[in-house]
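Enquirer: could you look at this predicted model? Sequence included:
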Amino acid sequence: MNVPIGASVIIICALLVVASSFGSAFAEVRAQHDGSDPASEETVSLKDKIGQMILVGFLGNTSDRKGFRRVRDQMEAGEIGGVLYLGRNLKDRKTVRQMNAVLKDAAPTHLPPLIAIDQEGGKVQRLKRYHGFPDTPSAKRMARRYTPEKAETAYGTLAEGLADWGFTLNLGPVVDVDVHRRNPIIGRLGRSYSSDPERVAAYGAAFVSAHRDHGILTALKHFPGHGSSRTDSHKGAVDISRTWSADELVPFRQLIAENKVDLIMTAHVINRALEETHKNRPMSLSETALVEILRSDLGFTGVIISDDIQMDAIRRNFALEDAVLKAVHAQTDILLFANDKRPDPDIPEKVAGILLDAAEDDPLLVDKINAAYERILALKSRLKQLQPRLSTSTGTVSPLPAITPGDHLCALSPAQ
């Protein structure tokens, strides 16, 4: 049968449209089936992937301050994947909610920002009663006075408040075992639940479950254990080689097995019991600790986040370039820069430059960055799916008695 040329053109165009529609539908079905996302394709630049690996602190406590506008612009440009709130950033509920709404609007839809805060309870809680936020007991007091079930109820109040204020990540629970009770940064501050690692795991699970119920991610810390240290890694090198024991891995191992882990934060501690080759390398930069033990032995496939890379344990002993490259080679996915004592708003650009320059001649580093991005992408896909039960009130009331005067005060400086 002879078909006029004009009709042939129409038929061909129609077929192309149908084929295109079928292809789009197939891609959509495939994405729904395997959980893939357009952002995981090779079209995403290495620079954008690196941006998701950077989480920073900032200056300013209102949305019109220069420091906040800077991180908003960095979020919008894909130069950072999240922010950290310190005490200096907190004014009141209305202001924080507004800032967090701006950050969420600035981030790509498929990559919601990690809006993080340290809200453990006791002496480490950034949001306090004078901000209009309920107090939470310290880990030590929680475990002494309440069952894990009661603790989960209390942590539910905490998590509900964080969700209501617009946060998406709480940097807790501390699952360090209380090995040395005069430890200046863990034991002495009541940040450990117990000297019994099984008990630590039980209360850590309660913390995680309560936060998940309200759509908040959590980060177990500080791998592979900071509870036996005699000194503070905020102030310099910490060596736990002779005081650490394998029992300190138990909470991490157990919670990983129970699927009670979103992220794991590393410790800037030297531990020659684990790192025999590079004896002065902290666990946060150690491939032995993070790849061989955490990834392989303990089976953790999720996101690893560093403790603040600007802490003196790192800053005084490693150049920025050295620390960044070692951390990423050790399969750290998110690099945390609190910008606390020496704020540097240009840190995202510096870190991206370090990694991009090194990646030109290091295909293994490119593989590490790609793998980190995929893990972050999976984490943020889960974050999108979480349905937090937001509070409609101006604040939440803790089901537990108020803690003793002064016990809620953070041990760090007011600015932190």
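Expert: Sure, I can see it.
Enquirer: drop to CA atoms for contacts and neighbour counts, all remaining ones
Expert: OK.
Enquirer: my read: His329 touches Asp367, true?
Expert: No. His329 lies out of contact with Asp367 (C-alpha atoms under 8 Å); the separation is 9.6 Å.
Enquirer: who's more crowded, those two?
Expert: For His329 versus Asp367, neighbours defined as other C-alpha atoms under 10 Å are more numerous around His329 (21 against 13).
Enquirer: okay, the more buried one and Leu90: tell me how far apart.
Expert: 35 Å (C-alpha to C-alpha, to the nearest Å).
Enquirer: how about residues contacting the longest strand seen in the chain?
Expert: Longest strand in the chain, counting residues (DSSP state E): strand 217-223. Residues outside strand 217-223 that contact it (C-alpha atoms under 8 Å, 6 or more residues apart in numbering) are 168-176, 204, 208, 211, 249, 252, 261-267, 283, 307, 383.
Enquirer: low-confidence ranges, the stretch 251-400 of the chain, go.
Expert: In the predicted model of the stretch 251-400 of the chain, residues 387-400 satisfy pLDDT under 70.
Enquirer: ranges for the helices of it?
Expert: Under the criterion DSSP state H, counting those that start in this stretch, helices of the stretch 251-400 of the chain are mapped to 287, 312-315, 320-329, 347-359, 363-385.
Enquirer: same question, the stretch 1-150 of the chain
Expert: 5-34, 46-51, 66-76, 93-106, 139-145, 148-165.
Enquirer: buried residues, the fifth one. List them.
Expert: Just to be clear, that refers to helix 139-145. Residues of helix 139-145 classed as buried by neighbour count (16 or more other C-alpha atoms under 10 Å): 139-143.
Enquirer: need the residues you listed in a markdown table (columns: distance to Ser45).
Expert: Formatted as a markdown table, the buried residues of helix 139-145 follow (distance: C-alpha to C-alpha, whole Å):
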| residue | distance to Ser45 |
| --- | --- |
| Ala139 | 42 |
| Lys140 | 45 |
| Arg141 | 47 |
| Met142 | 46 |
| Ala143 | 46 |
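Enquirer: of those, closest to Gly187?
Expert: Lys140 (8.6 Å; C-alpha to C-alpha).
Enquirer: how close does the closest one sit to Arg188?
Expert: According to C-alpha to C-alpha, Lys140 stands 10 Å off from Arg188.
Enquirer: right, so the helices of the stretch 251-400 of the chain: which one is the most enclosed?
Expert: helix 287 (a mean of 22; mean count of other C-alpha atoms under 10 Å).
Enquirer: and that one, how far out from the chain middle?
Expert: Taking C-alpha atoms, centre = their mean, to the nearest Å, one finds the center of helix 287 at 19 Å from the center of the full chain.
Enquirer: for stretch 354-362, same thing?
Expert: The answer for stretch 354-362 is 24 Å, by C-alpha atoms, centre = their mean.
Enquirer: before we move on, the earlier item: and which of the buried residues of helix 139-145 is nearest Asn317?
Expert: Ala139 (31.4 Å).
Enquirer: what's the closest one in contact with, if anything?
Expert: Ala139 neighbours (C-alpha under 8 Å, 6+ apart): 120-122, 174, 190-193.
Enquirer: which pLDDT value goes with it?
Expert: Note for Ala139: predicted pLDDT of 98.
Enquirer: check contacts around the closest residue to it other than its chain neighbours.
Expert: Excluding the flanking residues, the one nearest Ala139 by C-alpha to C-alpha, 6 or more residues apart in numbering is Tyr193, at 4.8 Å. By C-alpha under 8 Å, 6+ apart, the residues touching Tyr193 are 139-143, 175, 177-178, 199-200, 203.
Enquirer: how about 10 Å then?
Expert: 138-144, 173-178, 187, 199-204 (C-alpha atoms under 10 Å, 6 or more residues apart in numbering).
Enquirer: before we move on, which element is it in?
Expert: Taking DSSP states H and E as the definition, one finds Tyr193 inside no helix or strand.
Enquirer: going forward, begin numbering at 46 instead of 1
Expert: In the new count, where the first residue is 46, that last one comes out as Tyr238.
Enquirer: picking up where we left off before, nearest to Glu320, of the helices of the stretch 296-445 of the chain?
Expert: helix 332 (8.6 Å).
Enquirer: isn't Leu104 right next to Lys386, touching?
Expert: No. Assessed by C-alpha atoms under 10 Å, Leu104 is found out of contact with Lys386, at 11.1 Å.
Enquirer: out of those two, which sits in the more crowded spot?
Expert: Using other C-alpha under 10 Å as the criterion, Leu104 and Lys386 rank with Leu104 on top: 21 against 10.
Enquirer: which residue packs closest to that one, ignoring adjacent ones?
Expert: Gly112 (4.6 Å).
Enquirer: got it, and Asn228?
Expert: Per C-alpha to C-alpha, 6+ apart, closest to Asn228 is Arg275, 5.2 Å.
Enquirer: before we move on, back to that, mind putting the contacts of Ala184 in JSON lines, pLDDT and distance to Glu194 included?
Expert: Shown next, in JSON lines, are the contacts of Ala184 (pLDDT from 0 to 100; distance: C-alpha to C-alpha, whole Å):
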{"residue": "Glu165", "pLDDT": "98", "distance to Glu194": "17"}
{"residue": "Gly166", "pLDDT": "98", "distance to Glu194": "17"}
{"residue": "Gly167", "pLDDT": "97", "distance to Glu194": "19"}
{"residue": "Val219", "pLDDT": "98", "distance to Glu194": "18"}
{"residue": "Gly235", "pLDDT": "96", "distance to Glu194": "20"}
{"residue": "Arg236", "pLDDT": "97", "distance to Glu194": "19"}
{"residue": "Ser237", "pLDDT": "98", "distance to Glu194": "18"}
{"residue": "Tyr238", "pLDDT": "98", "distance to Glu194": "14"}
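Enquirer: ranking the residues you listed by neighbours, who comes first?
Expert: Result: Gly166 is most packed of those (other C-alpha under 10 Å), 30 neighbours.
Enquirer: pretty sure that residue sits against Ala204.
Expert: No. Taking contacts as C-alpha under 10 Å, Gly166 lies outside contact range of Ala204: 11.5 Å.
Enquirer: follow-up on the earlier one: go through the contacts of Ala184 and say which is closest to Ala152.
Expert: Among those, and counting by C-alpha to C-alpha, the member closest to Ala152 is Glu165, at 26.4 Å.
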